[in-house]
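1. Structure of the sequence below:
(one chain, ligands or ions: 2)
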Amino acid sequence: MKVLIVGGGGREHALAWKFSRSPRVKKIFCAPGNAGIAALAECANINAEDIPAIVNLVRSQKIDLTVVGPEAPLVAGLVDALEKEGYPVFGPRKRAAEIEGSKVLAKEIMLKNDIPTAWYAVFDDAAKAAGYIRKIDGACVVKADGLAAGKGVIVAPDASTALEAVNMIMKDKAFGAAGDRIVVEEYLRGQEASVLAFTDGEHVVPMLPAQDHKQVFDDDRGPNTGGMGAYAPAPLINVALQKHVLEKILVPTVRGMAEEGRPYRGVLYAGIMLTEKGPFVLEYNARFGDPEAQPILMMLESDLADVLEALLAGELNKVDLRWHSGASVCVVLAAGGYPGSYRKGEVVAGLDKMPENVLAFHAGTGIENDRVVTAGGRVLGITALAEDIPAAIDLAYRGVSQVQFAGMHHRKDIGKKALD
Ligand code: AMP
Ligand code: GLY
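-> Ligands and ions are numbered 1, 2, ... in the order given. Below you'll find the model as predicted:
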């Protein structure tokens, strides 16, 4: 079969790598891809959000399965557009992807279905939000309703920080119309985990639990990023908790979405805070996490083409996901300055020196004069598979030590929490 992957980050490189190992996949296309994906796939210079161009590509190349990586094309309706023409596509439709595209909708689904989450209030008026925040007069979290490239959430330790966030989102319109409404919610304490599941709208099959590292610096200091590294499985989510998350969070979410007339098919990602009162949902994503997909897909033994085919047939109950034993760790190498402004075009060296069982998934890379150069904030995700987490950490950092580019930085404590 011919597969098209939409997107061009580390997640999409991991997807391309996984499909490249399937005996059933004869050719992989990617739009737009990156320098690493180009070694496995035919990359088309098409923006992931250019729906007409992607539909044309699927038509002209006779693609058998399209897999959508990022949230923006999902929320824009790429899946609906392809389905309308009869093309098989993996990912939620627009109305279902709104579970990520609208924090207000996500909260409503949780409230209606008794899914544990922080208490909250919704505002479309900055003055009213400010009044509410003054009344709380303590830590809270301010969230832009719509998509904001991972930057729309401000964890405010005090009221004045929260008020600044309201101004930035609602008055300065830092995220445009995504900030027309905001959610102000309770500040939760605990450890975070990412629980992703495949669902065909009826059956829900969880993947290995993972943990992301959102802050840019070691020990979770500094501003939030798209994710500086991840590992799987996360021991924090033990077998009993996995069952709890499946039964009390994932299944009720999928059922609740169907009841809203938003049948959900694709990957459902629940961002969980493990509080003293048990797991609470911080957010939903309508797709694989990035960088969580890198270690999860490296751990996945099953053929992804088989899994997605069963899912699209509504037969996920017939799938028994098989996983490698051991663990996988992904360390993100970022461009100097990231998550602020950063330079592009730095030459990347050492990619040919990865140890065995280590993959250098490309995220923001391009090719200039036949050399791999940096082209984004998160440049690479060095991902290792080993017999346990300590061994996978060691191996991933051995891979990291081979890579150089000007300004490169990374966290040195990816996976450390799993050892505590
Ligand atoms: P989100 O995009 O909603 O997952 O938020 C991004 C990050 O903000 C999360 O990964 C958490 O670290 C943090 N966060 C979000 N909601 C809360 C909350 N209610 N309490 C504490 N931290 C939060
Ligand atoms: N790593 C977090 C996300 O993909 O949203």
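2. now the strands for the stretch 101-250 of the chain?
-> Ranges of strands within the stretch 101-250 of the chain are 120-123, 140-144, 153-156, 182-186, 191-199, 204-206, 211-212, 215-217, 221-224, 229-232, based on DSSP state E, counting those that start in this stretch.
3. would JSON lines of these with mean neighbour count be doable?
-> From N, CA and C alone the C-beta is placed, and that goes for glycine too. What follows is the strands of the stretch 101-250 of the chain, written out as JSON lines (neighbours: other Cβ atoms under 10 Å):
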{"stretch": "strand 120-123", "mean neighbour count": "18"}
{"stretch": "strand 140-144", "mean neighbour count": "24"}
{"stretch": "strand 153-156", "mean neighbour count": "18"}
{"stretch": "strand 182-186", "mean neighbour count": "22"}
{"stretch": "strand 191-199", "mean neighbour count": "23"}
{"stretch": "strand 204-206", "mean neighbour count": "20"}
{"stretch": "strand 211-212", "mean neighbour count": "24"}
{"stretch": "strand 215-217", "mean neighbour count": "17"}
{"stretch": "strand 221-224", "mean neighbour count": "13"}
{"stretch": "strand 229-232", "mean neighbour count": "31"}
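4. Would you reformat these as CSV and include distance to Ala38?
-> What follows is these, written out as CSV (distance: least, Cβ to Cβ, whole Å):
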stretch, distance to Ala38
strand 120-123, 43
strand 140-144, 34
strand 153-156, 33
strand 182-186, 40
strand 191-199, 27
strand 204-206, 32
strand 211-212, 27
strand 215-217, 28
strand 221-224, 30
strand 229-232, 24
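5. I'd like to know which of these is closest to Ala96.
-> Among the strands of the stretch 101-250 of the chain, strand 191-199 comes nearest to Ala96, with 10.1 Å by Cβ to Cβ.
6. The stretch 301-420 of the chain: strands as residue ranges?
-> 327-334, 358-362, 365-368, 371-374, 378-386.
7. out of these, nearest to Lys26?
-> Lys26 lies closest to strand 358-362 among the strands of the stretch 301-420 of the chain, at 21.8 Å (Cβ to Cβ).
8. sorry, back to before: including mean neighbour count and distance to ligand 2, could the strands of the stretch 301-420 of the chain go into a markdown table?
-> Formatted as a markdown table, the strands of the stretch 301-420 of the chain follow (neighbours: other Cβ atoms under 10 Å; distance: least, Cβ to the nearest ligand atom, whole Å):
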| stretch | mean neighbour count | distance to ligand 2 |
| --- | --- | --- |
| strand 327-334 | 29 | 10 |
| strand 358-362 | 26 | 14 |
| strand 365-368 | 18 | 19 |
| strand 371-374 | 20 | 20 |
| strand 378-386 | 28 | 10 |
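9. Include distance to Gly33 and mean pLDDT when you put these into a markdown table, please.
-> Listed next are the strands of the stretch 301-420 of the chain as a markdown table, based on distance: least, Cβ to Cβ, whole Å; pLDDT from 0 to 100:
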| stretch | distance to Gly33 | mean pLDDT |
| --- | --- | --- |
| strand 327-334 | 19 | 98 |
| strand 358-362 | 9 | 98 |
| strand 365-368 | 10 | 97 |
| strand 371-374 | 13 | 98 |
| strand 378-386 | 15 | 98 |
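10. Mind checking these for the one nearest to Asp125?
-> Of all the strands of the stretch 301-420 of the chain, strand 378-386 sits nearest to Asp125, with 35.9 Å by Cβ to Cβ.
11. Which residues are in contact with the closest residue to Ile237 other than its chain neighbours?
-> In space, Ile237 comes closest to Pro209 once its chain neighbours are excluded; the distance is 3.6 Å by Cβ to Cβ, 6 or more residues apart in numbering. Counting by Cβ atoms under 8 Å, 6 or more residues apart in numbering, Pro209 makes contact with Ala193, Ser194, Val195, Ala232, Pro233, Ala234, Leu236, Ile237, Gln242, Val245.
12. Could you provide those residues in TSV, with additional columns for distance to ligand 1 and pLDDT?
-> Listed next are the contacts of Pro209 as TSV, based on distance: Cβ to the nearest ligand atom, whole Å; pLDDT from 0 to 100:
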residue	distance to ligand 1	pLDDT
Ala193	10	97
Ser194	9	98
Val195	13	98
Ala232	17	98
Pro233	19	98
Ala234	14	98
Leu236	14	95
Ile237	15	96
Gln242	19	97
Val245	15	98
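13. how about stretch 151-163, does it reach ligand 1?
-> Yes: against ligand 1, stretch 151-163 shows contacts by Cβ under 6 Å from any ligand atom at Val153, Val155.
14. Check whether that stretch comes near ligand 2.
-> No: Stretch 151-163 stays clear of ligand 2 (Cβ under 6 Å from any ligand atom), getting no nearer than 10.6 Å.
15. Residues contacting the least confident helix or strand in the chain by mean pLDDT from elsewhere in the structure, which ones?
-> Taking mean pLDDT, DSSP states H and E as the measure, the chain has strand 221-224 as its least confident helix or strand, at a mean of 90. Residues from elsewhere that reach strand 221-224 (Cβ under 8 Å, 6+ apart): Gly150, Lys151, Val153, Lys214, Gln215, Val216, Pro339, Gly340.
16. Nearest residue to the third one in space, please, no chain neighbours.
-> Leaving aside its sequence neighbours, Val153 sits nearest to Lys143 (Cβ to Cβ, 6+ apart; 4.9 Å).
17. for the one you found, what are its contacts?
-> Taking Cβ under 8 Å, 6+ apart, we find Lys143 in contact with Lys103, Gly152, Val153, Ile154, Ile182, Val183, Val184, Glu185.
18. cool, Ala159 as well?
-> Ile133, Arg134, Ile136, Asp137, Gly138, Cys140.
19. now Lys27: how far from ligand 2?
-> Distance from Lys27 to ligand 2, counting by Cβ to the nearest ligand atom, to the nearest Å: 27 Å.
20. Settle this for me: that residue is touching Ile63, isn't it.
-> No: with contact defined as Cβ atoms under 8 Å, Lys27 and Ile63 do not form a contacting pair (9.1 Å).
21. Tell me which of those two has more neighbours.
-> More crowded of Lys27 and Ile63, by other Cβ atoms under 10 Å: Ile63, with 22 against 14.
22. Burial check on the nearest residue in space to the more buried one that is not next to it in sequence, number of neighbours?
-> The shortest distance from Ile63 to any non-neighbouring residue, by Cβ to Cβ, 6+ apart, is to Leu4 (4.4 Å). Using other Cβ under 10 Å, Leu4 has 26 neighbouring residues.
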